[in-house]
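Visitor: Quick one, structure for this:
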Amino acid sequence: MMITPIEALNDNYIWCLHRDNAAWVVDPGSADAVLAHLSEQQLQLRGILITHHHWDHTDGIEALRKAFAALSVIGPDNPVIQGLTQRVQPGDHVELDGLGVTAEVLSLPGHTLDHLGYYLDDAVFCGDTLFSGGCGRLFEGSPAQMHASLSSLSALPADTRVFCTHEYTLANLAFASAVEPDNEALQEYRRWCEAQRAAGQPTLPSTIGQERSINPFLRVDAPGVVAALRLKDGELPDSVARFAALRRWKDNF
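Guide: Next up, the predicted model:
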(Lines give C-alpha, C1' and ligand atoms only; values in the text may rest on other atoms or scores of the structure.)
Protein backbone atom coordinates (compact mmCIF):
# COMPACT_ATOMS: atom_id res chain seq x y z
CA MET A 1 0.00 0.00 0.00
CA MET A 2 1.24 3.48 -0.92
CA ILE A 3 0.47 6.69 1.00
CA THR A 4 0.89 9.98 -0.83
CA PRO A 5 0.05 13.59 0.05
CA ILE A 6 -2.45 15.67 -1.89
CA GLU A 7 -1.74 19.35 -1.27
CA ALA A 8 -4.86 21.42 -0.71
CA LEU A 9 -6.00 24.83 0.53
CA ASN A 10 -3.10 26.78 2.05
CA ASP A 11 -1.18 24.13 3.98
CA ASN A 12 -3.36 21.02 4.20
CA TYR A 13 -2.33 17.52 3.23
CA ILE A 14 -5.11 15.13 2.23
CA TRP A 15 -3.51 11.71 2.56
CA CYS A 16 -4.26 9.22 -0.20
CA LEU A 17 -3.88 5.53 0.63
CA HIS A 18 -3.84 3.34 -2.46
CA ARG A 19 -3.17 -0.18 -3.63
CA ASP A 20 -3.44 -1.05 -7.33
CA ASN A 21 -6.24 1.27 -8.46
CA ALA A 22 -8.19 1.39 -5.17
CA ALA A 23 -7.85 4.49 -3.00
CA TRP A 24 -9.01 6.01 0.27
CA VAL A 25 -8.43 9.60 1.39
CA VAL A 26 -8.17 11.12 4.85
CA ASP A 27 -9.80 14.49 5.68
CA PRO A 28 -10.67 15.81 2.21
CA GLY A 29 -11.03 19.54 2.75
CA SER A 30 -11.09 20.03 -1.03
CA ALA A 31 -12.85 17.72 -3.47
CA ASP A 32 -11.17 19.36 -6.47
CA ALA A 33 -7.69 18.51 -5.23
CA VAL A 34 -8.71 14.89 -4.63
CA LEU A 35 -10.45 14.50 -7.98
CA ALA A 36 -7.44 15.91 -9.84
CA HIS A 37 -5.08 13.53 -8.05
CA LEU A 38 -7.30 10.49 -8.62
CA SER A 39 -7.61 11.31 -12.32
CA GLU A 40 -3.89 11.83 -12.73
CA GLN A 41 -3.04 8.57 -10.96
CA GLN A 42 -5.97 6.64 -12.46
CA LEU A 43 -7.34 5.67 -9.04
CA GLN A 44 -10.86 4.73 -8.01
CA LEU A 45 -11.96 6.18 -4.69
CA ARG A 46 -13.41 3.56 -2.35
CA GLY A 47 -13.69 5.49 0.90
CA ILE A 48 -12.96 8.46 3.14
CA LEU A 49 -11.73 8.67 6.73
CA ILE A 50 -12.62 11.78 8.76
CA THR A 51 -10.80 12.73 11.97
CA HIS A 52 -12.93 15.68 13.15
CA HIS A 53 -15.59 18.14 12.10
CA HIS A 54 -13.62 21.22 11.01
CA TRP A 55 -14.48 22.44 7.52
CA ASP A 56 -10.96 22.11 6.13
CA HIS A 57 -11.19 18.37 6.80
CA THR A 58 -14.76 17.75 5.63
CA ASP A 59 -15.74 20.18 2.85
CA GLY A 60 -14.99 17.73 0.07
CA ILE A 61 -17.28 14.96 1.29
CA GLU A 62 -20.44 15.94 -0.59
CA ALA A 63 -18.79 16.39 -4.00
CA LEU A 64 -16.80 13.17 -3.65
CA ARG A 65 -19.94 11.21 -2.75
CA LYS A 66 -21.58 12.56 -5.89
CA ALA A 67 -18.57 11.57 -8.00
CA PHE A 68 -18.24 8.01 -6.68
CA ALA A 69 -21.17 5.69 -6.09
CA ALA A 70 -21.30 3.53 -2.96
CA LEU A 71 -18.50 5.47 -1.28
CA SER A 72 -17.74 4.60 2.36
CA VAL A 73 -17.40 7.73 4.51
CA ILE A 74 -16.27 6.96 8.05
CA GLY A 75 -15.93 9.45 10.87
CA PRO A 76 -16.85 10.54 14.42
CA ASP A 77 -20.36 10.18 15.79
CA ASN A 78 -20.99 13.92 15.51
CA PRO A 79 -24.16 15.11 13.75
CA VAL A 80 -22.35 18.25 12.59
CA ILE A 81 -20.50 16.11 10.03
CA GLN A 82 -22.79 15.55 7.05
CA GLY A 83 -22.45 12.72 4.55
CA LEU A 84 -21.01 9.98 6.76
CA THR A 85 -22.06 6.43 5.95
CA GLN A 86 -20.56 4.97 9.14
CA ARG A 87 -20.14 6.68 12.50
CA VAL A 88 -17.45 5.04 14.62
CA GLN A 89 -16.33 5.00 18.23
CA PRO A 90 -12.85 4.68 19.73
CA GLY A 91 -11.84 1.02 19.79
CA ASP A 92 -13.73 0.17 16.62
CA HIS A 93 -11.92 -1.49 13.73
CA VAL A 94 -12.78 -0.59 10.13
CA GLU A 95 -11.89 -2.51 6.99
CA LEU A 96 -10.55 -0.32 4.19
CA ASP A 97 -12.12 -1.90 1.14
CA GLY A 98 -9.66 -2.55 -1.68
CA LEU A 99 -6.57 -1.89 0.43
CA GLY A 100 -6.53 -5.13 2.42
CA VAL A 101 -5.93 -3.37 5.74
CA THR A 102 -7.87 -2.70 8.94
CA ALA A 103 -7.70 0.60 10.84
CA GLU A 104 -8.13 0.88 14.60
CA VAL A 105 -10.09 3.95 15.71
CA LEU A 106 -8.29 6.01 18.37
CA SER A 107 -9.78 8.54 20.80
CA LEU A 108 -7.90 11.87 20.46
CA PRO A 109 -9.97 14.65 22.08
CA GLY A 110 -8.39 18.03 22.72
CA HIS A 111 -8.29 19.99 19.47
CA THR A 112 -11.99 19.11 19.22
CA LEU A 113 -14.09 16.86 21.41
CA ASP A 114 -15.00 14.52 18.54
CA HIS A 115 -11.42 14.05 17.31
CA LEU A 116 -10.44 10.52 16.26
CA GLY A 117 -7.30 8.95 14.86
CA TYR A 118 -6.80 5.90 12.64
CA TYR A 119 -3.95 3.48 13.30
CA LEU A 120 -2.99 0.80 10.80
CA ASP A 121 0.16 -1.18 10.15
CA ASP A 122 2.98 1.28 10.92
CA ALA A 123 1.00 4.48 10.32
CA VAL A 124 -1.24 6.79 12.34
CA PHE A 125 -3.51 9.42 10.84
CA CYS A 126 -3.90 11.92 13.64
CA GLY A 127 -5.55 14.94 12.01
CA ASP A 128 -4.85 18.09 14.03
CA THR A 129 -3.84 16.40 17.30
CA LEU A 130 -0.12 15.78 16.82
CA PHE A 131 1.91 17.83 14.35
CA SER A 132 5.58 17.44 13.64
CA GLY A 133 7.20 19.56 16.32
CA GLY A 134 3.86 20.68 17.74
CA CYS A 135 0.22 19.92 18.46
CA GLY A 136 -3.18 21.35 17.65
CA ARG A 137 -4.79 24.27 19.42
CA LEU A 138 -7.35 23.47 22.09
CA PHE A 139 -10.57 24.71 20.50
CA GLU A 140 -12.91 22.47 22.50
CA GLY A 141 -11.01 20.12 24.78
CA SER A 142 -9.08 20.63 28.00
CA PRO A 143 -5.32 20.52 28.56
CA ALA A 144 -5.80 17.23 30.42
CA GLN A 145 -7.62 15.71 27.43
CA MET A 146 -5.03 16.85 24.90
CA HIS A 147 -2.13 15.75 27.08
CA ALA A 148 -3.74 12.31 27.41
CA SER A 149 -4.30 12.11 23.63
CA LEU A 150 -0.69 13.05 22.91
CA SER A 151 0.54 10.58 25.52
CA SER A 152 -1.43 7.78 23.84
CA LEU A 153 0.16 8.64 20.49
CA SER A 154 3.61 8.85 22.07
CA ALA A 155 3.12 5.31 23.39
CA LEU A 156 2.85 3.89 19.85
CA PRO A 157 5.92 2.09 18.45
CA ALA A 158 8.79 4.42 17.61
CA ASP A 159 8.73 3.54 13.89
CA THR A 160 5.05 4.47 13.53
CA ARG A 161 4.74 7.04 10.74
CA VAL A 162 2.84 10.18 11.71
CA PHE A 163 0.48 11.51 9.03
CA CYS A 164 -0.91 14.80 10.29
CA THR A 165 -2.84 17.17 8.07
CA HIS A 166 -0.95 20.48 7.99
CA GLU A 167 2.50 21.60 6.90
CA TYR A 168 3.18 23.53 10.10
CA THR A 169 6.55 21.95 10.77
CA LEU A 170 8.95 24.89 10.36
CA ALA A 171 6.84 27.21 12.51
CA ASN A 172 6.53 24.49 15.14
CA LEU A 173 10.28 23.89 15.14
CA ALA A 174 10.97 27.59 15.63
CA PHE A 175 8.93 27.41 18.83
CA ALA A 176 10.46 24.10 19.88
CA SER A 177 13.91 25.67 19.46
CA ALA A 178 12.93 28.53 21.75
CA VAL A 179 11.90 25.98 24.38
CA GLU A 180 14.88 23.62 23.98
CA PRO A 181 17.70 25.51 22.20
CA ASP A 182 20.30 22.94 23.25
CA ASN A 183 18.40 19.93 21.85
CA GLU A 184 20.84 18.66 19.19
CA ALA A 185 18.32 16.22 17.69
CA LEU A 186 15.88 19.11 17.27
CA GLN A 187 18.43 21.32 15.51
CA GLU A 188 19.47 18.51 13.16
CA TYR A 189 15.84 17.79 12.31
CA ARG A 190 15.13 21.50 11.80
CA ARG A 191 17.96 21.73 9.24
CA TRP A 192 16.58 18.69 7.42
CA CYS A 193 13.06 20.16 7.35
CA GLU A 194 14.33 23.49 6.06
CA ALA A 195 16.10 21.68 3.22
CA GLN A 196 12.93 19.72 2.43
CA ARG A 197 10.80 22.85 2.19
CA ALA A 198 13.45 24.70 0.18
CA ALA A 199 13.27 21.84 -2.31
CA GLY A 200 9.47 22.02 -2.40
CA GLN A 201 9.08 18.71 -0.55
CA PRO A 202 6.85 17.85 2.45
CA THR A 203 8.34 17.42 5.90
CA LEU A 204 5.79 14.68 6.55
CA PRO A 205 5.33 11.96 7.52
CA SER A 206 7.36 12.13 10.70
CA THR A 207 7.65 9.21 13.12
CA ILE A 208 6.68 8.75 16.73
CA GLY A 209 10.32 8.18 17.62
CA GLN A 210 11.32 11.43 15.91
CA GLU A 211 8.59 13.36 17.71
CA ARG A 212 9.59 11.97 21.09
CA SER A 213 13.06 13.42 20.56
CA ILE A 214 12.13 16.90 19.26
CA ASN A 215 8.49 17.78 20.02
CA PRO A 216 8.13 19.78 23.26
CA PHE A 217 4.49 18.75 23.64
CA LEU A 218 5.62 15.12 23.97
CA ARG A 219 8.51 16.20 26.20
CA VAL A 220 6.78 18.12 29.00
CA ASP A 221 8.70 16.05 31.56
CA ALA A 222 12.09 16.37 29.83
CA PRO A 223 14.61 18.37 31.90
CA GLY A 224 15.12 21.04 29.23
CA VAL A 225 11.39 21.68 28.85
CA VAL A 226 10.81 21.67 32.62
CA ALA A 227 13.64 24.19 33.08
CA ALA A 228 12.32 26.48 30.33
CA LEU A 229 8.83 26.47 31.80
CA ARG A 230 10.19 27.09 35.29
CA LEU A 231 11.93 30.24 34.06
CA LYS A 232 8.77 31.43 32.32
CA ASP A 233 6.00 30.35 34.71
CA GLY A 234 7.66 29.23 37.93
CA GLU A 235 7.32 25.78 39.42
CA LEU A 236 4.44 23.79 37.93
CA PRO A 237 2.87 20.88 39.80
CA ASP A 238 2.55 18.18 37.15
CA SER A 239 2.70 17.18 33.49
CA VAL A 240 -0.76 18.53 32.65
CA ALA A 241 0.08 21.93 34.14
CA ARG A 242 3.32 21.99 32.16
CA PHE A 243 1.47 21.03 28.99
CA ALA A 244 -1.09 23.81 29.57
CA ALA A 245 1.67 26.38 30.14
CA LEU A 246 3.51 25.22 27.03
CA ARG A 247 0.36 25.46 24.91
CA ARG A 248 -0.30 29.02 26.18
CA TRP A 249 3.28 29.94 25.33
CA LYS A 250 2.89 28.58 21.80
CA ASP A 251 -0.46 30.35 21.34
CA ASN A 252 1.29 33.68 21.91
CA PHE A 253 4.63 32.87 20.29
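
Visitor: use CA for all of it now, contacts and neighbours both
Guide: Will do.

Visitor: name the helices or strands packed onto the lengthiest helix in the chain?
Guide: In the chain, with assignment by DSSP state H, the single longest helix is helix 184-198. On a contact count with 3 or more Cα pairs under 8 Å, 6 or more residues apart in numbering; DSSP states H and E, helix 184-198 meets helix 169-179, helix 208-214.

Visitor: List the buried residues in it.
Guide: 186-187, 189-190, 193-194 (16 or more other Cα atoms under 10 Å).

Visitor: Now do that helix against helix 169-179, angle only.
Guide: 160 degrees (axes from the mean of the first three to the mean of the last three Cα atoms, to 10 degrees).

Visitor: Not counting helix 184-198 itself, show me its contacts.
Guide: With contact meaning Cα atoms under 8 Å, 6 or more residues apart in numbering, helix 184-198 is reached by 169-170, 173, 176-177, 181, 202-203, 213-215.

Visitor: cutoff 6 Å now
Guide: 203, 214 (Cα atoms under 6 Å, 6 or more residues apart in numbering).

Visitor: As CSV, the helices and strands packed on helix 184-198 with mean pLDDT would be great.
Guide: Below are the helices and strands packed on helix 184-198 laid out as CSV (pLDDT from 0 to 100):
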stretch, mean pLDDT
helix 169-179, 98
helix 208-214, 98
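
Visitor: need those in a markdown table with distance to Glu62, can you?
Guide: A markdown table is the format used below for those (distance: least, Cα to Cα, whole Å):
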| stretch | distance to Glu62 |
| --- | --- |
| helix 169-179 | 30 |
| helix 208-214 | 33 |
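
Visitor: Those: which one's closest to Leu106?
Guide: helix 208-214 (15.3 Å; Cα to Cα).

Visitor: Which parts of the protein are strands?
Guide: For the chain, applying DSSP state E gives strands covering 2-8, 12-19, 22-26, 44-49, 72-76, 86-88, 93-96, 101-107, 116-120, 123-127, 130-131, 134-135, 161-164, 206-207.

Visitor: Dump these into JSON lines; add mean neighbour count and mean pLDDT as well.
Guide: Compiled in JSON lines, the strands of the chain are given as follows (neighbours: other Cα atoms under 10 Å; pLDDT from 0 to 100):
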{"stretch": "strand 2-8", "mean neighbour count": "17", "mean pLDDT": "97"}
{"stretch": "strand 12-19", "mean neighbour count": "21", "mean pLDDT": "98"}
{"stretch": "strand 22-26", "mean neighbour count": "24", "mean pLDDT": "98"}
{"stretch": "strand 44-49", "mean neighbour count": "24", "mean pLDDT": "98"}
{"stretch": "strand 72-76", "mean neighbour count": "23", "mean pLDDT": "98"}
{"stretch": "strand 86-88", "mean neighbour count": "15", "mean pLDDT": "98"}
{"stretch": "strand 93-96", "mean neighbour count": "16", "mean pLDDT": "98"}
{"stretch": "strand 101-107", "mean neighbour count": "19", "mean pLDDT": "98"}
{"stretch": "strand 116-120", "mean neighbour count": "23", "mean pLDDT": "98"}
{"stretch": "strand 123-127", "mean neighbour count": "25", "mean pLDDT": "98"}
{"stretch": "strand 130-131", "mean neighbour count": "26", "mean pLDDT": "98"}
{"stretch": "strand 134-135", "mean neighbour count": "25", "mean pLDDT": "98"}
{"stretch": "strand 161-164", "mean neighbour count": "25", "mean pLDDT": "98"}
{"stretch": "strand 206-207", "mean neighbour count": "20", "mean pLDDT": "98"}
